[in-house]
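Student: Let's see this in three dimensions:
(4 chains)
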Protein chains: 4
Amino acid sequence: MVRSRFMQAMTTIADAGREMIAPLFGGDSQPTIDTLCRELLSQKGEALGTALAREVIDAYRTLDEDGKRAFFESLRDSYEPDPERLAHAIAAYQDDPSRDSRLALERIVTAPRQALIKAMNMAPDGTATLLDMRSDLLGFLRADPTLNVVDADFRHLFEAWFNRGFLRIERISWSTPAAILEQIIEYEAVHEIRDWADLRRRLEADRRCFAFFHPALPGEPLIFVEVALTRKLAASVQDLLHSEPADNVDTADTANFYSISNCQTGLVGISFGNFLIKQVVLELKRELPHITTFATLSPIPSLAKWVREIPADEAIAALGLSDDPATHFRTFRKAEPSSAEEADEAVRPLLMEVCARYLANVKRNGRPLDPVARFHLGNGARLERINWQGDCSPKGHQQSFCMMVNYLYDPSAIEKNHEAYTVDGRIALGKAVRTLL
Amino acid sequence: MVRSRFMQAMTTIADAGREMIAPLFGGDSQPTIDTLCRELLSQKGEALGTALAREVIDAYRTLDEDGKRAFFESLRDSYEPDPERLAHAIAAYQDDPSRDSRLALERIVTAPRQALIKAMNMAPDGTATLLDMRSDLLGFLRADPTLNVVDADFRHLFEAWFNRGFLRIERISWSTPAAILEQIIEYEAVHEIRDWADLRRRLEADRRCFAFFHPALPGEPLIFVEVALTRKLAASVQDLLHSEPADNVDTADTANFYSISNCQTGLVGISFGNFLIKQVVLELKRELPHITTFATLSPIPSLAKWVREIPADEAIAALGLSDDPATHFRTFRKAEPSSAEEADEAVRPLLMEVCARYLANVKRNGRPLDPVARFHLGNGARLERINWQGDCSPKGHQQSFCMMVNYLYDPSAIEKNHEAYTVDGRIALGKAVRTLL
Amino acid sequence: MVRSRFMQAMTTIADAGREMIAPLFGGDSQPTIDTLCRELLSQKGEALGTALAREVIDAYRTLDEDGKRAFFESLRDSYEPDPERLAHAIAAYQDDPSRDSRLALERIVTAPRQALIKAMNMAPDGTATLLDMRSDLLGFLRADPTLNVVDADFRHLFEAWFNRGFLRIERISWSTPAAILEQIIEYEAVHEIRDWADLRRRLEADRRCFAFFHPALPGEPLIFVEVALTRKLAASVQDLLHSEPADNVDTADTANFYSISNCQTGLVGISFGNFLIKQVVLELKRELPHITTFATLSPIPSLAKWVREIPADEAIAALGLSDDPATHFRTFRKAEPSSAEEADEAVRPLLMEVCARYLANVKRNGRPLDPVARFHLGNGARLERINWQGDCSPKGHQQSFCMMVNYLYDPSAIEKNHEAYTVDGRIALGKAVRTLL
Amino acid sequence: MVRSRFMQAMTTIADAGREMIAPLFGGDSQPTIDTLCRELLSQKGEALGTALAREVIDAYRTLDEDGKRAFFESLRDSYEPDPERLAHAIAAYQDDPSRDSRLALERIVTAPRQALIKAMNMAPDGTATLLDMRSDLLGFLRADPTLNVVDADFRHLFEAWFNRGFLRIERISWSTPAAILEQIIEYEAVHEIRDWADLRRRLEADRRCFAFFHPALPGEPLIFVEVALTRKLAASVQDLLHSEPADNVDTADTANFYSISNCQTGLVGISFGNFLIKQVVLELKRELPHITTFATLSPIPSLAKWVREIPADEAIAALGLSDDPATHFRTFRKAEPSSAEEADEAVRPLLMEVCARYLANVKRNGRPLDPVARFHLGNGARLERINWQGDCSPKGHQQSFCMMVNYLYDPSAIEKNHEAYTVDGRIALGKAVRTLL
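Tutor: Predicted coordinates:
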């Protein structure tokens, strides 16, 4: 994570605060991070608060790879609840399963780790460092799944702290500080921003960019979405990225969400995208009442891989292709053309149908296989339209034979769509898609 | 709580958002708050997020006394964990007391109420309304202690959300918005602020006032402290409140903390005072390096009542008075003079000694009986000096025979004092106090 | 003028800057303000800029009454153009009356005082001190009209510096810093603000207050206007000041400008009121599109004095009263009732007619005698309605037999009204007024 | 000039204001800019203020090259004082040369153009447009010197409006809005900023950049200076531009001003550089007390051209070279090496001496010929050191045989240096330079 420059004032204060704890640890020997953590959870922590928390945070920053792994193992092993007290609380609950004994059990069964993480958060720059910590932890977790109990406590607290009610939406524009714009360039994950000129195009009068920020991380966006204001639904992302800017947006009627990216690996698993899209719909309705259509222009990241790898018979069955398209499909799979352009007229009808059927019919556990489809349809959007040659970049060709898809957010239908999707697994379809099926 | 005016923009957005959920509840019948809460915790809540949360918040605001009580009873009864699933998780843990089964148990034993409170927080003005809710709840709790499990969940979340790391210190001055100053006047709990002129005196060049704010409650201080900058330790609060302002503070060497007040009844039990005092010490050291002494000028709220009510023999024993003062003490208790002024020379030595001994020797569970002493000594301060006629207001006379006390915060001794206090119950004493004992 | 607190940072810088000029004036003798002014206009001023300007400003602040008078006399006498060079420039122009020789003459004929005032403005807090200087100067000017040439230069520069294009309108609300609100209380010149509660009433949801600020005087309003949002045109200022606040303004259709006050005596003669009213009309149209009527509720400060002092026959002629009202008028003048209330029914028709005729017919140099009428009618407003018992305060009784008047600002008629007024002296009249005439 | 985005709110207001003047100009025919200007100066302008000013501004923006020229000619011809009234005022002054008649003459001799320019400034974005206007005017002025009287009035007002007292210094950093940083890149005039990475290097922890802003032009720097913090005086600009950033500046003792650039062509002739440098010295002393040396690293733009073009004998005389160096000089001029690197050891002593003598001895009207030397020495700086290979870029080679020079700003000597320079034309010399002479 790019470290915020806003913490300087706070740090100055904590520097001054340090003298309070100087006498704590006599001599030359710097205490270990484990010692510091124990002190922080003791009564000393109450008295010395932020100064001690800062020592822990600083000590963490000096750790190398092995030191970090050892630290997380120590978090895992030394901050579990006391088994005897837990057994006792369980027995008390079993004796008398009242609300009070249940509450007592809840308190005992919660790992003291949570209190330690809360205490570390008091340090200047504490929240940012805790995000870095979890980011590191997720790396170790892949190799050592027993660290999952540590991650559970980080995640529990992050879910409380990054509650939607604490997030602030801000418009990202050419008047935004360069230090933030630099992060937008870095974290764009869907359609790479090549340089500052490319970024600037995405912030012109006919574009919008919004991000969520958390008050404890000023200057660091959590997630951002890029929007193109156009007349009619956008069909090609290259058009959006390379068209000349429009001077005004008075004739635009559609807001196309063409990219949404997370910035904080430390917040993996804590989802803001749903909230951000809906908040931006409201912001745009307020600013530009003539915008009446809200939709995405989205990739189908899993399509081509699925088509190439799954046995043809299985694919045909899953898609529900009838005889003729099925024959074409077998031919296509044998000799996929090297570029969509060559194949244009020949395979267009087939691939459009395959794409529509893939998104609408191919599921796992009753949900679409494609992750982007799963996200938007789960948010109550409608599968509106398949766009031939929507993304002609190498990546677009590689992922989805250059096709893209629009998911439509109709505020008045979100609830109905969402309910049909979650209860019955039914997917709302636009007319263009219904025609393809 | 004075409701913030800063929420207007947010509210406008949520108004627009409302249309999203209009179709949810057909016909004329407004859904009950219980229905809304259930929906908010269901999958609908995921899709409709802030709009549904707002409905709950608004519904709460329309409830009368009985409606609120019923709402809290419903929170108590309908949002406990499922007993069967809990029994199952306990059995699994007992079978295999691993970290994973412990974590699974933690998740089951936690009341779904917490998830509901988190969801309500997403509404515009959500945090402020939740504070109001808990404030109401504390009222009902006195009559109905079974609501304690509901309060436990509010408190658990508030402790996470109002973590020191999220609080911002701000100086309160005559350039502060009137809407905030009005709250300072209202919430001052130690030495009443009579009017705006009185307030202004407390914000002159030789005074300081600092408050903690939380980003979700802009415009609403959580706690504030008032400081007088003087040459030498202050001995009389009337002097502080009524002296002419000094033009500059170049000759001041002492910061006297003479009042600290909480503003949010919804945060009862969540303590910020310790952090605020220490933060203000650091702020002042930075701004005014020539300030070298940091101390309070504090009341002894429990002294006179204790002297009047406890049997004389018991008091003498607890204080540890020797013969002569003991005799005086008996006489004094029989006919306490109606005003300290009359009695000046006669009782001064006795009362000064009684006060010092009361603070230093009279304890319950190893901690001083006086709550203000308990707070500052627990923070690592030293009992520095007793001030005869420190507070000659009726309240000062009534509480403590007009005496006040200085607690000294010496940054370099805080840790040592705190440790002696918590481990051995030993109280750090200044020379003036040691002389009195 | 209440001195701004915003200058502290700037002052700190200039303090540091002082060392630059320390060597300038050796020994103990502090240079006189005259010496400093001469230095400031010399080449030294170019090199030492703000530091030297600050010396002048500081020296001015230490002057007593006599010192200030002497300073202004010195400004008058020592900073006139050189007569010989002027005579030479005149001769050159007379020789060859070209644009270039005219420009050369302009440069010579301008007093060097202007350059000195510009140089003093470079000091921190310079603009504010120059306003104070002119305020002082206006005091001396009454006794010594020869100082008018000094004032002419101040005024010339203030007109350039306080150009409308540099002013910023800001809403004054309960969230405004107390230091600014205090000035609103102090400078309200039409309907006194008694205390903070009175002020707060004027800032509730159904009221508006706007002020102009200049960037060099942050925290110091130049002029402010108070507005009441009501259903229908307001008829009584007591109703406005004492009515209960309305929770919202959705049903209001009228904005009543009931008070406009200047804050800076140093800006006497430089008029902002016209701009402020029109800007506020635009602000309100944007915020509250349902407000369609913009009008004042104004005093008639000169009416009663005129009625009482001018001989009856002259008054009757000037007003153009016909026989019956003329008779009543003579009677009324002989025994004016001591309070409007007693006289209600008897004199109401007469006084209403007198008031209407006074405003519409009684002129000097083709302009209404009443200064408030002159201001609003000159701005393009219409004389809309006379209000019986519009201001029942002692001041209202004393000035205008408790009557008030509405001037209506109809954006689409301002130009037409203004032209008729300036070209022909014609006054636009509302129906209610035409009926009275 | 890059047009500010901050004007949008203001523009919205003025759009609303337009309706006020719609009735002014009936029918389809858009009034000409000349008509609008006349109206703006008439009484209509008083009533319609900003709305009419905006019409003028908008009309100007639609003019093509010829239209603009005609507009400036109209300003020249139609806004001179009335010759008869002027003759009359002159006569009155000659009759009675009092202060009052002088003041009356000043008022008459001033062209009404000034009032027109002041009135145009009231428009939203008025000041920025007036700057553009003057920028255009300066273009026409080169071909038509009779427009100088128009420019004189623009300049007179700009000098009043852009008084140092109204300018605000702001630090330019990586947290500055990109829209401002983009201008820094564009306007850097000394050492070109190639791209955003190059800019970022100049804003790292060991660099500083400060700019002056005017409140009426938010988002548009007037002038900026770039500073490098180093240990010891910097000798090479390439080192500064390409060195690795230092993490902290605790060991730095020198602030090197290596670039200062103006951003507004409309402000040509109105100098801010002197103020900016001295203000930055003060800012840096405050932030970094361990910085004790303040100096420039400057080009000598006129050196090589002078050496190449002036006859050798004249040059030798002007420089004051003694025999040996004079001989070398003749040889050097005959066959100047194509790159400084080749010639290193051979010509170094000669060129260093020539450079020092050129700056110290070669003057016109008693002032150094080199414009950069004139600027800094006139500000009170000292000619400190000549740096061999200080700028090895093609431009550096071309201008000054790759040499650069340090001018030292010693706060305690500025006044003395300045006085010696302005009174006697004496130049303060550092030891290194004295050695070369």
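Student: Show the subsequent helix or strand relative to the top helix by length along chain A.
Tutor: When chain A is parsed with DSSP state H, its longest helix is helix A:340-361. Using DSSP states H and E, the next helix or strand after helix A:340-361 towards the C-terminus is strand A:363-364.
Student: which residue is nearest the middle of chain A?
Tutor: residue A:262 (4.5 Å; CA atoms, centre = their mean).
Student: Grab the nearest non-local neighbour of that one.
Tutor: The shortest distance from residue A:262 to any non-neighbouring residue, by CB to CB, 6 or more residues apart in numbering or on different chains, is to residue A:223 (5.0 Å). C-betas here are computed from N, CA, C, even on glycine.
Student: from memory the one you found sits against residue A:212, does it?
Tutor: Yes. If you go by CB atoms under 8 Å, residue A:223 and residue A:212 touch, sitting 5.3 Å apart.
Student: Return the distance of residue A:253 relative to chain D.
Tutor: From residue A:253 over to chain D the distance is 22 Å, taken as CB to the nearest CB, to the nearest Å.
Student: just checking, residue A:383 touches residue A:409?
Tutor: No. The pair residue A:383 / residue A:409 is not scored as a contact, 11.8 Å apart, by CB under 8 Å.
Student: And the helices in the stretch 151-300 of chain A?
Tutor: Ranges of helices in the stretch 151-300 of chain A, per DSSP state H, counting those that start in this stretch, are A:178-187, A:196-201, A:237-242, A:273-287.
Student: Residue D:86: which of these is closest?
Tutor: Checking the helices of the stretch 151-300 of chain A against residue D:86 by CB to CB gives helix A:196-201 as the closest, at 53.9 Å.
Student: quick one: the closest one to chain centroid distance?
Tutor: Relative to its chain's centre, helix A:196-201 lies at 23 Å (CA atoms, centre = their mean, to the nearest Å).
Student: same deal with stretch A:348-358?
Tutor: 29 Å.
Student: what do you get for stretch A:78-97?
Tutor: Using CA atoms, centre = their mean, the offset of stretch A:78-97 from its chain centre is 37 Å.
Student: Same question for stretch A:419-433.
Tutor: Computed by CA atoms, centre = their mean, the chain-centroid distance of stretch A:419-433 equals 24 Å.
Student: Likewise for stretch A:100-115?
Tutor: Centroid separation for stretch A:100-115 versus its chain: 30 Å, with CA atoms, centre = their mean.
Student: What residues sit buried inside it?
Tutor: Within stretch A:100-115, the residues scored as buried using 16 or more other CB atoms under 10 Å in any protein chain shown are A:101-106, A:108-111, A:113-115.
Student: Looking at those, which two lie furthest apart in space?
Tutor: A:101 and A:113 (23.5 Å).
Student: residue contacts, the residue nearest to residue A:262?
Tutor: A:211, A:212, A:260, A:261, A:262, A:263, A:272, A:273, A:276 (CB atoms under 8 Å, 6 or more residues apart in numbering or on different chains).
Student: returning to what we had before: which other helices and strands contact the longest helix of chain A?
Tutor: With contacts taken as 3 or more CB pairs under 8 Å, 6 or more residues apart in numbering or on different chains; DSSP states H and E, helix A:340-361 sits against helix A:303-309, helix A:312-319, helix A:323-334, strand A:382-387, helix A:431-436.
Student: which among the contacts of residue A:223 gets closest to chain C?
Tutor: Chain C lies nearest to residue A:212 out of those, by CB to the nearest CB, at 25.6 Å.
Student: quick check, distance from stretch A:383-390 to the centre of its chain.
Tutor: With CA atoms, centre = their mean as the basis, the distance from the averaged C-alpha position of stretch A:383-390 to the chain average is 24 Å.
Student: What residues does the stretch 201-350 of chain A have near chain B?
Tutor: With CB under 8 Å from any CB of the partner chain as the criterion, the stretch 201-350 of chain A meets chain B at residues A:215, A:216, A:274, A:275, A:278, A:279, A:282, A:283, A:285, A:286.
Student: what sits up against whichever strand or helix holds residue A:66?
Tutor: Per DSSP H and E: residue A:66 is located in helix A:65-78. With CB under 8 Å, 6+ apart as the test, helix A:65-78 has contacts from A:33-34, A:37, A:60, A:63, A:113, A:116, A:136-137, A:140, A:146-147, A:149-150, B:99.
Student: Show the average pLDDT along it.
Tutor: For helix A:65-78, mean pLDDT rounds to 96.
Student: could you point out which element follows it?
Tutor: Following helix A:65-78 in sequence order, the next helix or strand is helix A:83-95 (DSSP H and E).
Student: That next one - contacts with which helices or strands?
Tutor: Using 3+ CB pairs under 8 Å, 6+ apart, helix A:83-95 sits against helix A:99-109, helix B:83-95.
Student: so where's the stretch 251-400 of chain A shaky on pLDDT?
Tutor: Filtered on pLDDT under 70, the stretch 251-400 of chain A yields the residue ranges A:336-344.
Student: run the last query once more with 90
Tutor: A:271-274, A:323-324, A:331-347, A:365-366, A:379 (pLDDT under 90).
Student: And the closest residue to chain C within it, how close does it get to chain D?
Tutor: Minimum separation of the stretch 251-400 of chain A from chain C (CB to the nearest CB) falls at residue A:289, amounting to 13.5 Å. As judged by CB to the nearest CB, residue A:289 and chain D stand 15 Å apart.
Student: any idea of the pLDDT on residue A:1?
Tutor: 35.
Student: let me redo that: residue A:150
Tutor: 98.
Student: Buried ones in the host helix or strand of it, by neighbour count?
Tutor: Following DSSP H and E, one finds residue A:150 within helix A:148-161. For helix A:148-161, burial by neighbour count (16+ other CB under 10 Å) applies to A:149-161.
Student: and if you look at stretch A:211-227?
Tutor: If you call a residue buried by 16+ other CB under 10 Å, then stretch A:211-227 has these buried ones: A:211-214, A:216-217, A:219-227.
Student: From what I see, residue A:293 and residue A:257 are in contact.
Tutor: No. Between residue A:293 and residue A:257 there is no contact under CB under 8 Å: 11.2 Å.
Student: can you list the weak-confidence ranges in the stretch 1-150 of chain A?
Tutor: For the stretch 1-150 of chain A, applying pLDDT under 90 flags the ranges A:1-31, A:35, A:39-52, A:124-125.
Student: What residues does the stretch 51-200 of chain A have near chain D?
Tutor: Within the stretch 51-200 of chain A, the positions near chain D by CB under 8 Å from any CB are A:174, A:175, A:176, A:177, A:178, A:179, A:181, A:182, A:195, A:196, A:200.
Student: one more time with 6 Å
Tutor: A:174, A:175, A:177, A:178, A:179, A:181, A:196 (CB under 6 Å from any CB of the partner chain).
Student: and the third one, how many neighbours?
Tutor: Using other CB atoms under 10 Å in any protein chain shown, residue A:177 has 17 other residues around it.
Student: give me the beta-bridge partners of it?
Tutor: Taking DSSP bridges as the rule, residue A:177 bridges to residue D:177.
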